[in-house]
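Q: Model the structure of this input:
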Amino acid sequence: TDPEITYSYWNMRDPVVGGLSKEKIALRRAMAMAYNVQEEISIVWNNEATALEYPIPPGMIGHDPDYVSSIQYDPAAANALFDQFNYKKGPDGWRTLPDGKPFHITYSARADSTGQLQAEVWKKALNAIGINMVGDLRPFPDLLRAEKLCQLQMRTLAWGADYPDGDNFMQLFYGQNIGQNNHGCVQIPEYDTLYAQSQKLPPGPERDALYHKMARILEVYAPQRLGLSRYRNMLAQPRVIGYKKHPILSTEWMYFDIEKRK
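A: From the prediction side, this is the model:
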């Protein structure tokens, strides 16, 4: 698998899906449980990916292959959570906010075939639990600009490793990184406290224990729905000498050679 995570986030500063109140947490958790990651793997990625349970992907220091997320595909539980927190269905069949006001979710994606498929899979998932979703397809640079300003309500993105350590992924949800790589504008005090502690520790069991607590906090507050790691397929001619794909670097060509033939 590629040293990356693909995840969908909800803007934690958005007036509809953001915030740390119980009804907003319930809204995000229900949407997270309504999503079938295996369906995205099949439809969008041609089965060339593996579902993730943990925010640190395989191959990275701190990854836990035995970890099981508390957020799983369970539309029945999602509907029950909505009912518990008074997200009732209106006359049009769409769920309303607890105060009775109508709402919809705007899902932003790249204006290409992959983005279109991602939007369709999410729309199917949200429609199935009574949420009206509107697609918003934009050029990639426009998405990047908007999310750094906390202007997108929901989006799916991939983060590839800059260095082979779990810190590179746990930093994505640290409050101090809003405007940089914290694209969902997440600011959860408990998470931030643990992340600051983890920065002072070397890789090992003590830091891993903090990462486990941080992963559970992300599941409780549901600022994002963890998705998948895509497979990376490589094809090399037999004449290439010394070919071995580096897990992170993309500038390894200087280390390869070509067998000379008459």
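
Q: and residue 208, how far is that from residue 60?
A: To residue 60, residue 208 is 12 Å away according to Cβ to Cβ, to the nearest Å. C-betas here are computed from N, CA, C, even on glycine.

Q: More neighbours: which of these two?
A: More neighbours surround residue 60 than the other of residue 208 and residue 60, with 22 against 18 (other Cβ atoms under 10 Å).

Q: Show me the strands in the stretch 151-262 of the chain, by range?
A: Remark: strands assigned in the stretch 151-262 of the chain by DSSP state E, counting those that start in this stretch are 154-160, 224-230, 240-241, 257-258.

Q: Can you say which of the ones you listed is packed in most?
A: strand 224-230 (a mean of 23; mean count of other Cβ atoms under 10 Å).

Q: Can you verify residue 9 is assigned to a strand?
A: Yes - counting by DSSP: H, G, I helix; E, B strand; the rest coil, residue 9 falls inside a strand.

Q: how deep is it tucked in, by neighbour count?
A: Residue 9 has 25 neighbouring residues, counting by other Cβ under 10 Å.

Q: count of neighbours near the nearest residue to residue 79 once chain neighbours are set aside?
A: Distances taken as Cβ to Cβ, 6 or more residues apart in numbering put residue 129 closest to residue 79, at 5.5 Å, once the chain neighbours are dropped. Using other Cβ under 10 Å, residue 129 has 20 other residues around it.

Q: Any regions of the stretch 151-262 of the chain where pLDDT drops low?
A: Within the stretch 151-262 of the chain, the ranges that satisfy pLDDT under 70 run 262.

Q: Walking through it, point out its helices one by one.
A: 167-170, 189-198, 205-221 (DSSP state H, counting those that start in this stretch).

Q: Which of these sits closest to residue 254?
A: Each of those was scored for nearness to residue 254 using Cβ to Cβ, and the closest is helix 167-170 (24.3 Å).

Q: Report all helices and strands that that closest one contacts.
A: Packing partners of helix 167-170 (3 or more Cβ pairs under 8 Å, 6 or more residues apart in numbering; DSSP states H and E): helix 189-198.
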